[in-house]
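Chemist: Take a look and give me a structure for this.
(one chain, ligands or ions: 1)
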Amino acid sequence: MLAGALGGLVQSAFPPGAHSALSPAGRQAQLVDRLWDAMYLVSVVVFVLVVGALFWAALRRRQPTEVADSPGREPSLRASVLGATALTIVILFAFLIADLATGRAITAGPGQEALQIRVTGHQWWWEVQYRDSLPQNWATTANEVHIPVGRPVVFELRSADVIHSLWAPNLSGKRDLIPGDETSLWFQADTPGVYRGQCAEFCGHQHAKMAFLVVAEHPDSFARWLDRQRDTARTPTHPLARRGQEVFLGSPCVMCHAIAGTPAGSRVGPDLTHLASRRTIAAGTLPNTRGNLAGWILDPQRVKPGAQMPPTQLGSEDLQALLAYLETLE
Ligand code: CUA
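Modeler: Now for the predicted structure:
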């Protein structure tokens, strides 16, 4: 697109597929990108014309007597001002129409074969649920949304507390998640990739660390992923991991987190059934590594001050066992 040429400088700062509305990976984002391109191009032309006129006026040599001596200039001055004003109105009106047309094209019905995903905003993480006519086929995850490429996806958006806003700039515009109301947004990814998304409505202390990933993948690998997510957690076989499960079930972790297949079933915090399959922890704040997980469990407030998760007091043996267990949750 035009962004490739004009925004090349900006884009080169990001790896391909990163968080950028200028690298659209689907039709909705492409429409937004096209509108941006048009506005950017017209703005550049207007800017150049205005600055050119300013320099022309400033550098033109005029005798002090010239103005008084030539009253005939008045009409041409008036014509220029009227012309510029009319042109401005025409341009703004054209943008208004283009904006409405883009909005309509983006929200036009996704069709019957759309995949439904329920996303609930929490301070400060995203609950993601794949529902099914059979409740045993539901899959719940957090902060990482997998979608198949080439198929429309409808997001049913809710909030558990305050207003959040779902925004994956490579794929679509934003839509607010409003407490007590259900909104929806749909888009389709056409290019496989991992795209970063971000809460786009100020929602409290850790609004900035309320990110998520959209993993757009081939329908087959998406189906395999969803099948795995529907499974309950495997019972650990290694003694250390078994001990870790006991630590988990005997600690305050169970007050907030669920692991399907164990007695832990609370939905206050993210579902951990397949925690190890996710790329990040703490809503996109840290890569999901053993060290980061350990730091996060012991002192979440250090990573994300104000987060709802309290620190967990664990001896180093218990911590190692717990980490070994959490790593089996693939
Ligand atoms: Cu959630 Cu900002």
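Chemist: ok, and the helix or strand in the protein with the lowest average confidence?
Modeler: helix 8-11 (a mean of 44; mean pLDDT, DSSP states H and E).
Chemist: Distance from the helix or strand containing Val50 to the middle of the chain?
Modeler: Taking DSSP states H and E as the criterion, the element that holds Val50 is helix 27-59. Here the centre of helix 27-59 is set off from its chain's centre by 27 Å, with Cα atoms, centre = their mean, to the nearest Å.
Chemist: Could you number the chain from 498 rather than 1 from now on?
Modeler: OK, 498 is where the count begins now, so the last one is helix 524-556.
Chemist: For it, which helices and strands make contact with it?
Modeler: Contacts defined by 3 or more Cβ pairs under 8 Å, 6 or more residues apart in numbering; DSSP states H and E place helix 524-556 against helix 499-503, helix 570-604, strand 680-684. Quick note: C-beta positions are derived from backbone N, CA and C, even for glycine.
Chemist: in that helix, what's buried?
Modeler: Within helix 524-556, the residues that count as buried by 16 or more other Cβ atoms under 10 Å are 524-526, 528-535.
Chemist: for that helix, what is the average pLDDT?
Modeler: Mean pLDDT, helix 524-556: 93.
Chemist: Now do stretch 776-785: everything it contacts.
Modeler: 621-623, 639-641, 691, 693, 695, 706-710, 772-773, 775, 789-790, 792-793, 797, 800-801, 804 (Cβ atoms under 8 Å, 6 or more residues apart in numbering).
Chemist: Which ones among the residues you listed lie within strands?
Modeler: Mapping the contacts of stretch 776-785 onto strands (DSSP state E) picks out 622-623, 639, 641, 691, 693, 695, 708-710.
Chemist: Generate a ChimeraX selection restricted to the buried subset of these.
Modeler: To isolate in ChimeraX the members of the ones in strands among the contacts of stretch 776-785 that are buried, counting by 16+ other Cβ under 10 Å, one can use:
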select :622,623,639,641,693,695,708,709,710
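Chemist: Which one of the ones in strands among the contacts of stretch 776-785 is nearest to Leu674?
Modeler: Closest approach to Leu674 among those (Cβ to Cβ): Trp623, at 9.1 Å.
Chemist: Give the full set of residues in contact with the closest one.
Modeler: 616-617, 639-640, 642, 663, 707, 709, 780.
Chemist: Next: Glu698.
Modeler: Counted by Cβ under 8 Å, 6+ apart, Glu698 has contacts 660-662, 671, 673, 704.
Chemist: same thing but at 6 Å, please
Modeler: Glu698 makes contacts with 660-662, 673, as judged by Cβ atoms under 6 Å, 6 or more residues apart in numbering.
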